[in-house]
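1. sequence plus the predicted model coming up.
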Amino acid sequence: QKEVEQNSGPLSVPEGAIASLNCTYSDRGSQSFFWYRQYSGKSPELIMFIYSNGDKEDGRFTAQLNKASQYVSLLIRDSQPSDSATYLCAASLSGTYKYIFGTGTRLKVLA
Amino acid sequence: DAGITQSPRHKVTETGTPVTLRCHQTENHRYMYWYRQDPGHGLRLIHYSYGVKDTDKGEVSDGYSVSRSKTEDFLLTLESATSSQTSVYFCAISATGPYEQYFGPGTRLTVT
């Protein structure tokens, strides 16, 4: 059974700090990795995707991928109270058009 | 925002009744997916489609069927709803698998 694992949290950080969210995956053949933000009662919103080892930056967000360690992370710089949400990590399943999701990490940014 | 709508947005139904949820996209994306989201389980794939009339099962497909007769529409049917199918259902689309996937607004289904 392929899995994506995340710490459920909550992860609490003060406003202006860096929030670090982590995810591990079990399918060594996964090629694509995604971070979604989900506010309570809303649908998941894609905020970052990464396909290659290393870092990918977009504004305040940086996604990091280490395929050797099967580890994906999301850094949020200058965290704002509006960043408070659940963050879902997802990976593609090798050889398929399917994705597997973690159960999410709840982030709380304290004003 | 990706052009994805779901209908209905909320539905309450009784055990044993058939229910059909609709996902409509205006992006002309090839791949469409149905997920359910439950506390403690995250998003789980029910069925997906990789083209018109081409569908396949996900990890929680029992009790569900799907149909896709047009690129823009993907229907999810609960043949005989059970209380265990009370959930929030999300449709998602992707232009090419397995790359970026975008979600619709969701349907909250309650089976009493």
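-> Here it is on my side, so go on.

2. is the top strand by length along chain B in proximity to chain A?
-> Criterion DSSP state E: the longest strand present in chain B is strand B:42-51. Yes: counting by Cβ under 8 Å from any Cβ of the partner chain, chain A is contacted by strand B:42-51 at B:Gly42, B:Leu43, B:Arg44, B:Leu45, B:Tyr48, B:Tyr50. Bear in mind the C-beta positions are built from the backbone N, C-alpha and C, glycine included.

3. what's the burial count for the closest residue to the first one other than its chain neighbours?
-> The shortest distance from B:Gly42 to any residue that is not its chain neighbour, by Cβ to Cβ, 6 or more residues apart in numbering or on different chains, is 3.9 Å, and that residue is A:Thr103. The tally of other residues near A:Thr103 (other Cβ atoms under 10 Å in any protein chain shown) stands at 19.

4. got it, and B:Pro105?
-> Residues lying near B:Pro105 (other Cβ under 10 Å) number 14.

5. confidence score at the closest residue to it other than its chain neighbours?
-> Nearest residue to B:Pro105 in three dimensions, chain neighbours excluded: A:Ser43, at 5.3 Å (Cβ to Cβ, 6+ apart). Looking at A:Ser43, its pLDDT stands at 97.

6. where does A:Ser43 land in three-state SS?
-> Assigned by DSSP: H, G, I helix; E, B strand; the rest coil, the conformation of A:Ser43 is coil.

7. quick one: contacts for it?
-> Contacts for A:Ser43 (Cβ atoms under 8 Å, 6 or more residues apart in numbering or on different chains) come out as B:Phe90, B:Phe103, B:Gly104, B:Pro105, B:Gly106.

8. can you pull the contacts of the last one?
-> Taking Cβ under 8 Å, 6+ apart as the definition of contact, the neighbours of B:Gly106 are A:Lys42, A:Ser43, B:Gln6, B:Arg9, B:Gln37, B:Val88, B:Tyr89, B:Phe90.

9. next, count neighbours for residue 12.
-> Going with chain A. Residues near A:Ser12, counting by other Cβ under 10 Å, number 13.

10. my question was about chain B
-> B:Val12, neighbours per other Cβ under 10 Å, totals 10.

11. so it sits against B:Thr112, correct?
-> Yes: counting by Cβ atoms under 8 Å, B:Thr112 is a contact partner of B:Val12 at 6.4 Å.

12. okay, and the beta partners of the spatially most central residue of chain B?
-> Chain B has B:Trp34 as the residue nearest its centroid, 2.9 Å off, counting by Cα atoms, centre = their mean. Following DSSP bridges, B:Trp34 is listed with bridge partners B:His47, B:Cys91.

13. so it touches B:Tyr89, yeah?
-> Yes: using Cβ under 8 Å, B:Trp34 is in contact with B:Tyr89, at 6.5 Å.

14. quick one: B:Ala81 from B:Tyr64, how far?
-> 10 Å (Cβ to Cβ, to the nearest Å).

15. let me know the pLDDT of B:Ala2.
-> On the pLDDT scale, B:Ala2 gets 65.

16. B:Thr96 too?
-> 82.

17. same thing with A:Gly104?
-> Note on A:Gly104: pLDDT of 96.
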